[in-house]
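Visitor: the amino acid sequence is not available; the structure is as follows:
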């Protein structure tokens, strides 16, 4: 775990919402970050599937941290905006959000993300399915 | 509380995520729905403000239910997609999400939403500030 | 016509696409800009209505110039991103795009826009209809 | 050129805006459509680059026709909404828009698109650069 990974892990652990949702940071690499979230009833919408807001929360964090891996030294990241399409009901035992940098400038980064639903917690007989697709703009800011 | 309000309240109460976030349905009227969420540490991002995902979750629910007030009789609503701009850090004691229908067709509704941050829990000396702006597409579906 | 209006008019006149589309700058005020475009067959999609791209072009320009009315002195504006919902077929004799600033910061502005379709070129018996809704992020840049 | 390709070519040729912009349909395959547009001064924004609206017009058409390749037999496609990020100034001699289907349902398709700028009209010494990224929702409709 290098410096950047440590910084991102510390930041992730400071996000109260990620703990509330039961999400974990599972991968940090150059330009790509992955976050896992097991399904739980406290994440549901009215039909018992994962709520679009929970799905969006983890892919927003994945996209933000992906942008951070390409940002100027010492900077932080805030979300300027994101857009998410929901492709099918978010049914699964586990959701994996992946954020990937498309382009990182000096001020802004454009990032895409997706959330995959896994039918089973561990090994997965069926292929995971994409339930959400994000396209986002992140802003690099200097810490105060 | 009329039939539609009751149906929406029942649906809202079935959303596990709304309870997890501490959100409450506070107003349902034709074409407009309002949801409240007091701030809590378990909703935070890394700097202690409300996480974009928590903010988005309540305004998505408000937009969905606003669409439902204009949908065909007996239908339900799912989010096709939304886009959220974050205007400033979500600092406040209480967040109020308002969803409003712009246009409702037979299959789709276009809805806008905003989230206002209130500095104090009860009466508010300072005017509330808009922290997020949403533009969304909702789909009317038939219950199975 | 004040300085800012003159600067925006000069910039608008330098946009080759606006001339190609037959668009005219019709109003510039603090935080709001309006652009008109009469319908012409060269703007159509396959069913003969105005193409989503033509509609988007005028509301993007309106949103950008609206942001410029609130920008730092001497700055210019570029579009970081926009999102447009199309509410109904763009049928009309004349389209009016209005861009309005929601929030202008030091680096970024959040702007909303709409396009109204007018049934007749001049006086309008029927009320104009909203055919498109935009939510956009503009970036303030320094001229080189 | 199979039936679907012929239908799409006929529809493309009926889009007045594509002729106005000088755009050409260059590839139709299952789930992917490509449209070319040589740069011309009549497509410019105020600094002489291609206008975001012109760039968006061709990638919207590419995304719509990509969706059509996966739609129900005999259906047509309209754009419900799109979101476009602009990654860098659209400087080039030629722009190539590619639309690709991510998911096609019975009513809606989710499509992504990108626009590549080529420095030279023909053979290209430098690698083309992505200038815009789109994420869109298309609706399948029955022809009247």
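Guide: Okay, I see it. As the structure is a prediction and not an experimental result, all values here were calculated from the model.
Visitor: list the buried residues in the longest helix along chain A.
Guide: Across chain A, the longest stretch assigned as helix under DSSP state H is helix A:52-68. By neighbour count with 16 or more other C-beta atoms under 10 Å in any protein chain shown, helix A:52-68 contains the buried residues A:52-68. For every residue, glycine as well, the C-beta is placed using N, CA and C.
Visitor: again with stretch A:31-39
Guide: For stretch A:31-39, a neighbour-count test (16+ other C-beta under 10 Å) marks A:32, A:33, A:34, A:35, A:36, A:37, A:39 as buried.
Visitor: residues making contact with that stretch?
Guide: Here stretch A:31-39 makes contact (C-beta atoms under 8 Å, 6 or more residues apart in numbering or on different chains) with A:8, A:12, A:18, A:21-28, A:43, A:50, A:54, A:58-59, A:61-63, A:65-66, A:69-70, A:92-101, A:121.
Visitor: buried ones from those residues, can you make that a PyMOL selection?
Guide: Those of the contacts of stretch A:31-39 that count as buried under 16+ other C-beta under 10 Å are selected in PyMOL with:
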select buried, chain A and resi 8+12+18+21+22+23+25+28+43+50+54+58+59+61+62+63+65+66+69+70+92+94+95+96+97+98+99+100+101
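Visitor: which of the contacts of stretch A:31-39 fall within strands?
Guide: Among the contacts of stretch A:31-39, the members falling in strands (DSSP state E) are A:24-28, A:94-101.
Visitor: could you single out the nearest of those to chain C?
Guide: Nearest to chain C out of the ones in strands among the contacts of stretch A:31-39 is residue A:101 (C-beta to the nearest C-beta; 15.3 Å).
Visitor: need the residues of chain A near chain B, please.
Guide: Within chain A, the positions near chain B by C-beta under 8 Å from any C-beta of the partner chain are A:11-12, A:14-17, A:19-21, A:40-47, A:51-54, A:56-58, A:60-61, A:78-86, A:89.
Visitor: out of the residues you listed, which touch chain D?
Guide: Within these, those near chain D by C-beta under 8 Å from any C-beta are A:83, A:85.
Visitor: could you pull out the helices in chain A for me?
Guide: Going by DSSP H, chain A shows helices at A:3-13, A:16-21, A:52-68.
Visitor: so what touches the second one?
Guide: Residues from elsewhere that reach helix A:16-21, judged by C-beta under 8 Å, 6+ apart: A:12-13, A:24-25, A:35, A:37, A:43, A:54, A:57-58, A:61, B:20-21, B:40-45, B:51, B:53-54.
Visitor: any chance of a markdown table for the buried residues of stretch A:31-39, columns pLDDT?
Guide: Converted to a markdown table, the buried residues of stretch A:31-39 look like this (pLDDT from 0 to 100):
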| residue | pLDDT |
| --- | --- |
| A:32 | 98 |
| A:33 | 98 |
| A:34 | 98 |
| A:35 | 98 |
| A:36 | 98 |
| A:37 | 98 |
| A:39 | 98 |
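Visitor: in strands only, show me the residues you listed.
Guide: Per DSSP E, the buried residues of stretch A:31-39 map to strands at A:32, A:33, A:34, A:35, A:36, A:37.
Visitor: of those residues, closest to chain D?
Guide: residue A:32 (16.6 Å).
Visitor: measure the closest one to chain B for me?
Guide: 19 Å (C-beta to the nearest C-beta, to the nearest Å).
Visitor: show me which residues of chain A sit near chain C.
Guide: Residues of chain A lying near chain C (C-beta under 8 Å from any C-beta): A:80, A:81, A:83, A:107, A:108, A:110, A:137, A:139.
Visitor: and the pLDDT at the first one?
Guide: Meaning residue A:80. Each residue has a pLDDT score; the one for residue A:80 is 98.
Visitor: can you pull the contacts of it?
Guide: Shown in contact with residue A:80 (C-beta under 8 Å, 6+ apart): A:108, A:136, A:137, A:138, A:139, B:85, B:86, C:80, C:108, C:137.
Visitor: with residue A:5 instead?
Guide: Residue A:5 neighbours (C-beta under 8 Å, 6+ apart): residue A:28.
Visitor: how close does it get to chain C?
Guide: Note on residue A:5: its distance to chain C, by C-beta to the nearest C-beta, is 28 Å.
Visitor: and if you look at residue A:106?
Guide: Counting by C-beta to the nearest C-beta, the gap from residue A:106 to chain C is 11 Å.
Visitor: ok, residue A:102 next?
Guide: Distance of residue A:102 to chain C, computed by C-beta to the nearest C-beta: 12 Å.
Visitor: that residue contacts residue D:134, correct?
Guide: No - Residue A:102 lies out of contact with residue D:134 (C-beta atoms under 8 Å); the separation is 11.9 Å.
Visitor: more neighbours: which of the two?
Guide: More crowded of residue A:102 and residue D:134, by other C-beta atoms under 10 Å in any protein chain shown: residue D:134, with 24 against 18.
Visitor: per-residue pLDDT, residue A:74?
Guide: 86.
Visitor: that one touches residue A:68, doesn't it?
Guide: No - look at residue A:74 against residue A:68 with C-beta under 8 Å: they stay out of range, at 10.8 Å.
Visitor: show me how far the helix or strand of chain A with the lowest mean pLDDT is from its chain's centre.
Guide: Between all helices and strands in chain A, the lowest mean by mean pLDDT, DSSP states H and E belongs to helix A:3-13, at a mean of 94. Remark: helix A:3-13 is offset 14 Å from the chain centroid, using C-alpha atoms, centre = their mean, to the nearest Å.
Visitor: with stretch A:58-70 instead?
Guide: Mean-position distance between stretch A:58-70 and its chain equals 6 Å (C-alpha atoms, centre = their mean).
Visitor: next one: stretch A:61-76
Guide: 12 Å.
Visitor: gap between the two ends of that stretch?
Guide: 13 Å (C-alpha to C-alpha, to the nearest Å).
Visitor: leaving out chain neighbours, which residue sits closest to residue A:129?
Guide: residue A:117 (5.1 Å; C-beta to C-beta, 6 or more residues apart in numbering or on different chains).
Visitor: most neighbours out of the residues of chain A next to chain C, which is it?
Guide: residue A:81 (28 neighbours).
Visitor: and that residue, what does it touch?
Guide: Applying C-beta under 8 Å, 6+ apart, one finds that residue A:81 lies in contact with A:136, A:137, B:83, B:84, B:85, B:86, C:81, C:110, C:137.
Visitor: where does the prediction get shaky in chain A?
Guide: A:1, A:121-125, A:144 (pLDDT under 70).
Visitor: quick one: distance of the top strand by length along it to the chain centre.
Guide: Taking DSSP E as the criterion, chain A has its longest strand at strand A:129-141. Relative to its parent chain, strand A:129-141 has a centroid offset of 8 Å by C-alpha atoms, centre = their mean.
Visitor: buried set for that strand?
Guide: A:129, A:130, A:131, A:132, A:133, A:134, A:135, A:136, A:137, A:138, A:139, A:140.
Visitor: give me the distance between the third one and residue D:103.
Guide: With the distance defined as C-beta to C-beta, to the nearest Å, residue A:131 ends up 10 Å from residue D:103.
Visitor: before we move on, the earlier item: redo the residues of chain A next to chain C as a markdown table? Include distance to residue A:3.
Guide: Shown next, in a markdown table, are those (distance: C-beta to C-beta, whole Å):
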| residue | distance to residue A:3 |
| --- | --- |
| A:80 | 26 |
| A:81 | 29 |
| A:83 | 32 |
| A:107 | 23 |
| A:108 | 24 |
| A:110 | 25 |
| A:137 | 26 |
| A:139 | 22 |
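Visitor: in strands, which of those residues appear?
Guide: Among those, DSSP E puts A:80, A:81, A:83, A:108, A:110, A:137, A:139 in strands.
Visitor: quick one: contacts for the last one?
Guide: When you say that, I think you mean residue A:139. The contact partners of residue A:139, taken as C-beta under 8 Å, 6+ apart, are A:77, A:78, A:79, A:80, A:107, A:108, C:107, C:108.
Visitor: which one is the fourth one nearest to, not counting chain neighbours?
Guide: Right, residue A:80. residue A:137 (4.3 Å).
Visitor: over to the second one?
Guide: Leaving out its chain neighbours, the residue that sits closest to residue A:78 by C-beta to C-beta, 6+ apart is residue A:139, at 5.3 Å.
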